[in-house]
Every structure is written in structure tokens, then in C-alpha cells.
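Q: Dropping the sequence and predicted coords here.
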Amino acid sequence: MDVPGILHHVIIRGIERQDIFRDQADREDFVDRLSKLAPETRTSCYAWVLMTNHAHFLFRSGTCGLSELMRRLLTGYAVSFNRRHKRHGQLFQNRYKSIICQEDAYLKELVCYIHLNPLRAKMVEDFGALNRYAFRGHRLLAGKAECGWQDGGYVLGYFVESEAIASKRYLAYVEAGIALGRRPELVGGGLIRSPALAFALPAKYFASLGLPRLDINNSDIRWTGQGNAIRVGLLSIKGLAAKTQGRIVFHRRSGPYRSVRDFIDRIRPNDTEARALIHCGALDAFSVTGNRAALIWELVRRQTAGSNKPMPRKLFDVPSDAPSPIPPDSEHDRLRRELSVLGFLCDRHPMELFADTLNSRTVKAVHLADFIGKRIRMAAWLITGKVVYTKCGESMEFLTFEDETGIVETTFFPQVYRCFCHMIDRDRPYLLSGRVQQDGGAVTLTVEKVERITCGRQVMRG
């Protein structure tokens, strides 16, 4: 799930288990790139280790999601590695594996698991040698090195407030973890395993995961997990400033927000922020009928009526629908606005918004295996992609799409990539035309043509 604030256990591996770090220069190059990209993408790194043919990281995704960091990190490093070692072709197996983790229960254990990898792999002889192994985040947490881009303070805060004492307790915790062995249960991350999607948990699974809507009285700044449920975080709302997110959570401690008027008086959001909160459903609790148009009307009325002084608050504010001169939004318009604010829908796949545009001749992802060797058209939502280079140095791309029924991996060979790369943007739907292929049991689509679906009403050709 490529949304801001999610904790990810990320694993990268070399193709066919080949080494991705052959010498110290490789490792230094990789760490140097990560040290620049993590702050730039506002990604928090809590643990990391570089092995020989793979590496582990514990990241909290930044404002642009995890995929932006990983795309730039892996692509840049692969080009540099190939140039340095005079090789061609793909370096990494697939893209990367991202496992969403339940923070409170598993963060300490995952940090320990990641940092013990060199000892388990017998790259070092004992715990003392492990403390001297340079290419992992353990040395910062143990107080033996500086690493400005790694968020060591956050992890040490799980042990004790004093950093000096926390480092000692952290070392004792990691040393005790040696006896626990490989911990295969941690490969699942404790919450959701997301194998090889490399970008997002498919939207079609949101409802089955129990994804509650944003709620001004319950949502945290970050996405939070509890059991098998995930609650959307305030930082997913486009246009909602970080300071406003913080004020919402802080002022909620003195009591829940009881109405639109109460919320506006206490938080003072600007017009863009208030409308975004309404459009994404965060204020739905303040409307008995769920009429967001009525909430907008109440917002405008409150803004028009008022001065900078808050109106006196009643002892008991209850949800109500003020008379509104505009009817409720249609379901399509309500969902379209929610999608524009969040970039996803909480209870359904966004492709449902474009059903009127599509005809019955498009093939669903779940049925691709029935069309191997044939040309088809399908409508799907772009999730992520990775640019690679042929032996001749030409650019091509592997893109992952999904519709309501499943995921499809696609290939854009150089000629097609040159024709359509300018119109490929993330988080939007496309009509894809191409030939269905099967390679090693995997069904893929070799794309020949791309058309962009816009506004649920028309198709734009590239």
C-alpha cells in the first residue's frame, strides 16, 4: 500500500540470486544514494542492512509514497553498478518486496531481525564482530556511529527516553534475539504481506481489509493498523497542511469534535482544507444523512456569518442537516471528489467510476489467461512501473496495472515506450491494447497502444 506514513519491511534481491554488492565501493555507492534520497522523499529509515545478494530495510513512507524512493534508488544504483562492472541487463529480481508492518507489536522485533542478518548468514563470526559491521543501521542505534539520514531516535524511544541508556537496552535486546533464530513469522510483517506488488496493495482488497473511512475524531496523522484493519491517516488528504493535521489530533485530546461549527472554531482550517476534509468523508459523522453537500453549505454559512471570533458553543452539539439550497451529491460525484482528494476509494475500486465509458469488449484481468497469444483491450488502473534498459541502451518499462478483478503485469518495449511514455501518469486509468503472453507460467500483456480515460466520460488517445 503506497500511502504516506505506512511502515514497510522492504527486501531487494539480485536477479537469479546474483550479488548486488560485489565490493565496498558498491556498498558505499548504495548508501550514499540512500542518504540523499531518504530525506528528499521524506522517508524515515529505522533499520537497514546490506548483505551480498540482498538487502533489508525498515522504512516509513514519506509524502510521495515508498515507490518514488525505491524507483530512484534502484534505477540509479543499477545503472551505476552496470557501468562500474561492465555488465548489461537487469540487476534486481522483480522490483522489490514490500511487507506492511504493524508498528506497536513488531517494530522492535523487525529492527532486531534486520540487524542480525549478517550474523545469521555467517558474514561475521560473533556479536562483537556484528557491532563492527559497517553497512547496517545497527551501529547508529548502538551508539557506535553517526548516520544523519537514519531515524535512530524514534527506534531508541521504544526502549527508554534517555538515549545513552536506550542504546544499552537496545544492544541487550538484539543480543537476546540471537537465540530466537531466523524468525520466519516476521517475514509476514505482522499485519499484511504484499508480495512483489512494489507499490500498493490492490484497491480491490481495501474493503476486505476493513478499511474504515477517514473520521475527524478517530483518524491519526499516519495510517494505523489494528489487527487486520487499517485506518486511513490524515496525511493522505491532499491540501491538508501538516500543521493542521497536528492541530486536529492535538485539540481532540480535550474532547471530540461535536459539529462542523465546533470543528471550525477549534481548528480554523482554511477553505481548501475544510472542503478537502468534507469531500473525503472525514466530517460525515456531522451529517445524519451523509449529505456532504449539506456540510459544504454549513461550512459556507459558518464562514459567511462569522468574524474571526468563534460563535458561542452550545453545551450539546449534535449532528444535524441544515436546510440546504442544493440537493445531495450523486454517488458518482461524491466518489469522484473523494478520489480527487485521497487518490483512492475506501470501499471500492476506482475503476467503477469509469464503467460508463467502457464497453463489453474489454477483457478483465481475471480472464487474461483465456486469451494467451491473442490481442485484447483492457481498462485498468496504473499502480507502478520501472524503467529498464536493453543491451543497446534503449529505454523500456515494466508497468503494473489492476482492475476490479486482479493485477496484470505489462511490458512496454522501446518503440511503444517512446510513443506513450509522455502520457503515463500514476494513479489514473488507461485503455491498454496488446497481446497476451505467457512466460514461465506468468501471464502478462505486451502493450502496443495506450489510451487515457479521463473524467469517466471520454478516452484520449496518445
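A: Received, thanks.

Q: any residues touching stretch 40-47, and which ones?
A: With contacts defined as C-beta atoms under 8 Å, 6 or more residues apart in numbering, stretch 40-47 is touched by 34, 37-38, 56-64, 66, 68-69, 72, 107, 110-111, 114-115, 136-138, 149-151, 154-155. From N, CA and C alone the C-beta is placed, and that goes for glycine too.

Q: Just the terminal-to-terminal distance for it.
A: Stretch 40-47 has an end-to-end distance of 18 Å (C-alpha to C-alpha, to the nearest Å).

Q: Now it: buried residues?
A: Neighbour-count burial for stretch 40-47, counted by 16 or more other C-beta atoms under 10 Å, picks out 41, 43-47.

Q: cool, stretch 89-98 as well?
A: For stretch 89-98, by 16+ other C-beta under 10 Å, it's 90-98.

Q: Could you do stretch 24-41 as well?
A: Buried residues in stretch 24-41, counted by 16+ other C-beta under 10 Å: 26-27, 29-31, 33-34, 37-38, 41.

Q: residue ranges for the strands of the protein, please.
A: Remark: strands assigned in the chain by DSSP state E are 7-13, 44-50, 54-60, 97-101, 190-194, 224-226, 229-231, 375-389, 395-402, 407-412, 429-439, 442-454, 458-461.

Q: With Ala172 as the reference, name the closest of these.
A: Relative to Ala172, the nearest member of the strands of the chain by C-beta to C-beta is strand 44-50, separated by 16.9 Å.

Q: as a whole number, average confidence for the closest one?
A: Throughout strand 44-50, pLDDT has a mean value of 92.

Q: What's the separation between Gly153 and Cys101?
A: 19 Å (C-beta to C-beta, to the nearest Å).

Q: of these two, who's got more company?
A: Shown here are Gly153 and Cys101; by other C-beta atoms under 10 Å, Cys101 has more neighbours (25 against 11).

Q: Tell me what Ser44 is bridged to.
A: Applying DSSP bridges to Ser44 gives these bridge partners: Arg60.

Q: quick one: it from Arg222, how far?
A: If you go by C-beta to C-beta, the gap between Ser44 and Arg222 works out to 10 Å.

Q: Ok, Glu175 next?
A: From Glu175 to Arg222 the distance is 31 Å (C-beta to C-beta).

Q: Can you flag the buried ones in the contacts of stretch 40-47?
A: 34, 37-38, 56-62, 66, 68-69, 107, 110-111, 114-115, 136-138, 149-151, 155.

Q: Just the residues contacting stretch 406-417, thanks.
A: 197, 202, 204, 364-366, 368, 378, 380, 383, 390, 394-402, 420-421, 432, 434, 437, 442-450.

Q: For those, which ChimeraX command selects only the ones that are buried?
A: The buried residues among the contacts of stretch 406-417 can be selected in ChimeraX (16+ other C-beta under 10 Å) with this line:
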select :197,202,204,365,368,378,380,383,396,397,398,399,400,401,402,420,421,432,434,437,443,444,445,447,448,450
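
Q: Stretch 51-65: end-to-end distance?
A: Start-to-end span of stretch 51-65 (C-alpha to C-alpha) is 25 Å.

Q: try stretch 283-295
A: First residue to last in stretch 283-295 (C-alpha to C-alpha) measures 8 Å.

Q: And it, how far out from the chain middle?
A: 29 Å (C-alpha atoms, centre = their mean, to the nearest Å).

Q: tell me the mean pLDDT for that stretch?
A: Rounded mean pLDDT across stretch 283-295 is 87.

Q: What residues sit buried inside it?
A: Neighbour-count burial for stretch 283-295, counted by 16+ other C-beta under 10 Å, picks out 283-287, 291-295.

Q: Show me the buried ones among the contacts of stretch 40-47 that map onto helices.
A: 34, 37-38, 66, 68-69, 107, 110-111, 114-115, 138, 155 (DSSP state H).

Q: Would you point out the most distant pair within those residues?
A: The distance between the two most remote of these (C-beta to C-beta) is 26.5 Å, for Glu68 and His138.

Q: Give me the more crowded residue out of Glu175 and Arg222.
A: Neighbour count, other C-beta under 10 Å: between Glu175 and Arg222, Arg222 has more, with 21 against 14.

Q: Tell me both backbone torsions, phi and psi, for the more buried one.
A: Main-chain torsions, Arg222, degrees, to the nearest 10: phi -90, psi 160.

Q: Leaving out chain neighbours, which residue sits closest to it?
A: Gly5 (3.3 Å; C-beta to C-beta, 6 or more residues apart in numbering).

Q: pLDDT value on the one you found, please?
A: Reported pLDDT for Gly5: 76.

Q: Tell me how many other residues surround it.
A: By other C-beta under 10 Å, neighbour count at Gly5 equals 20.

Q: Could I get the buried residues of stretch 40-47 in CSV, plus columns for distance to Gly76?
A: Output for the buried residues of stretch 40-47, formatted as CSV (distance: C-beta to C-beta, whole Å):
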residue, distance to Gly76
Thr41, 13
Thr43, 15
Ser44, 20
Cys45, 17
Tyr46, 22
Ala47, 22
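
Q: what two of those are the furthest from one another?
A: Between all members of the buried residues of stretch 40-47, the farthest pair (by C-beta to C-beta) comes out as Thr41 and Ala47, at 17.5 Å.

Q: low-confidence ranges in the stretch 301-450 of the chain?
A: Judged by pLDDT under 70, the stretch 301-450 of the chain has its weakly predicted residues at 305-326, 359-360, 427, 440.

Q: quick revisit: got CSV for the buried residues of stretch 24-41, with pLDDT and distance to Arg231 too?
A: Formatted as CSV, those follow (pLDDT from 0 to 100; distance: C-beta to C-beta, whole Å):
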residue, pLDDT, distance to Arg231
Asp26, 95, 40
Arg27, 93, 38
Asp29, 96, 39
Phe30, 96, 34
Val31, 94, 34
Arg33, 95, 33
Leu34, 95, 30
Leu37, 94, 28
Ala38, 93, 26
Thr41, 90, 24
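
Q: Pipe these into JSON lines and attach distance to Asn218 per row.
A: Formatted as JSON lines, the buried residues of stretch 24-41 follow (distance: C-beta to C-beta, whole Å):
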{"residue": "Asp26", "distance to Asn218": "46"}
{"residue": "Arg27", "distance to Asn218": "44"}
{"residue": "Asp29", "distance to Asn218": "44"}
{"residue": "Phe30", "distance to Asn218": "40"}
{"residue": "Val31", "distance to Asn218": "39"}
{"residue": "Arg33", "distance to Asn218": "38"}
{"residue": "Leu34", "distance to Asn218": "35"}
{"residue": "Leu37", "distance to Asn218": "33"}
{"residue": "Ala38", "distance to Asn218": "30"}
{"residue": "Thr41", "distance to Asn218": "28"}
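
Q: Leu50 is in contact with Phe57, correct?
A: No. Between Phe57 and Leu50 there is no contact under C-beta atoms under 8 Å: 9.5 Å.

Q: From Arg292, how far off is Pro350?
A: 18 Å.

Q: Good, we can wrap up now.
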